[in-house]
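J.: Predicted model follows, preceded by the sequence.
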Amino acid sequence: MKLVACAAALVAAACFSAPAVAHVTFERAEATVGAPYRGVLRVPHGCDGQPTHAIRVSLPEEIVSAKPMPKAGWSVATTSAPYAKAVDNHGRTETGGVREIVWSGGKLEDGHYDEFTFVARISPHATAGLIHARVMQECDGAKIGWVEIPAAGAARPANPAPAIRLVAAAAAQTPAEASYRVGALVVTAPWTRATPKGAPVAGGYVRITNTGAEVDRLVGGSFEGARRVEVHEMVMDGSVMRMRELRAGLEIAPGQTVELRPGGLHLMFMELKGPVVTGAPVRGRLTFEKAGSVEVQFAVAPLGATTQGGSGGHGGHDSHGGHGGHGGHRH
């Protein structure tokens, strides 16, 4: 099934569904002290109509062990500096690390939207509360500094620095943000979304971090109410977006965080025995080639949600209406 129109609708909703879209923001606005964090900076426009050619991110002290994700068409550079307090990174003491990341040399048109990603950890020395990353957006002959940090009780500034709310580990263990460990793998925030009556399949999403020294693979699992679980990816076949099963599983390299989310890598819960209901967590299991299996609980977001918090819904546009093969499944 051709999904180009649906994909365009999802992107449009992500870019224009909330007032905060006028600013550079983090996709994940909450993180756990001492836990892995995948920072995705959302850039929704250029500078006074001019295309963006560079994004410069200054990381706060609370973000450590940062590694930028390369981006096609862009160069990436980092600047390192000492930490105020050394941190333990899986048995290795780190006294310093990346403090600034710069993506440059690309071209993001003013009317387009894009994301810039890094993986990191939240320092175990951090305390609960808001932290900010200062971002400089550089365009043709113009710059915007997303660097203003609001004072307590003050109005939101014109150019706010992207914020992340840190929570203590104990406070983070709600079904939507639960974390599990199996071997060297950390499994965070498994979730799915509600399905209409009669839908034969559902999608599953999760973040997986490999803290070990060996490659592992997500090869399947189980989902209460489904006959089987498969690992899928979305690929473009000409102008048609198709799903393809990863029969050999999904590789998770040492030090890598892989996110399964709508529109990309995902789990498929096949041959559902009944509808998945919003707000009713579902038990399941994730199985890895080397680490083995881990029991998890999938939080359930509303029908059509694009995040585990339930934002970005598109109602029936996201239903799993097909029967057999991949024809009717939208993710």
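T.: Okay, I see it. What you are looking at is a predicted structure, and each value in this text was computed from that prediction instead of being measured.

J.: longest strand anywhere in the protein?
T.: If you go by DSSP state E, the chain has its longest strand at strand 92-108.

J.: Adjacent strands (with direction) for the following helix or strand past that one?
T.: Counting by DSSP states H and E, the element after strand 92-108 in chain order, helix or strand, is strand 114-122. Each strand that strand 114-122 pairs with, and the sense of that pairing, follows from DSSP bridges: strand 36-43 (antiparallel), strand 63-68 (antiparallel).

J.: Report all helices and strands that the longest strand of the chain contacts.
T.: Applying 3 or more Cβ pairs under 8 Å, 6 or more residues apart in numbering; DSSP states H and E, one finds that strand 92-108 makes contact with strand 52-58, strand 63-68, strand 75-89, strand 114-122. Bear in mind the C-beta positions are built from the backbone N, C-alpha and C, glycine included.

J.: Now do the buried residues in stretch 284-294.
T.: By neighbour count, and taking 16 or more other Cβ atoms under 10 Å as the criterion, the buried residues in stretch 284-294 are 284, 286-289, 291, 294.

J.: Can you report how many residues lie near the residue lying closest to K273 once chain neighbours are set aside?
T.: Taking Cβ to Cβ, 6 or more residues apart in numbering as the measure, K273 lies nearest to G225, with 5.0 Å between them; neighbours along the chain are not counted. By other Cβ atoms under 10 Å, the residues close to G225 number 16.

J.: what about G225, distance to T287?
T.: G225 sits 17 Å away from T287, taking Cβ to Cβ, to the nearest Å as the criterion.

J.: How about T192?
T.: Distance from T192 to T287, by Cβ to Cβ: 17 Å.

J.: now do V167
T.: Using Cβ to Cβ, one obtains 29 Å as the distance from V167 to T287.

J.: same question, A86
T.: 37 Å.

J.: Y205 too?
T.: Remark: distance between Y205 and T287 (Cβ to Cβ) = 16 Å.

J.: Number of residues surrounding the closest residue to D48 other than its chain neighbours?
T.: Setting aside the residues directly before and after it, D48 is nearest to A142 in space (Cβ to Cβ, 6+ apart), at 5.3 Å. Neighbours of A142 under the rule other Cβ under 10 Å: 13.

J.: before we move on, what about S239?
T.: 7.

J.: pretty sure the residue nearest to D48 contacts C47?
T.: Yes. Taking Cβ atoms under 8 Å as the definition, A142 is a contact partner of C47 at 3.9 Å.

J.: quick revisit: what does the longest strand of the chain rub up against?
T.: 43, 46, 51-59, 64-68, 71, 73-83, 86-88, 114, 116, 118, 138 (Cβ atoms under 8 Å, 6 or more residues apart in numbering).

J.: That one - what's its average pLDDT?
T.: Across strand 92-108, pLDDT averages out at 95.

J.: Quick one: distance of that strand to the chain centre.
T.: Mean-position distance between strand 92-108 and its chain equals 19 Å (Cα atoms, centre = their mean, to the nearest Å).

J.: what angle separates that strand from strand 52-58?
T.: For strand 92-108 and strand 52-58, the angle between their directions (axes from the mean of the first three to the mean of the last three Cα atoms, to 10 degrees) works out to 160 degrees.
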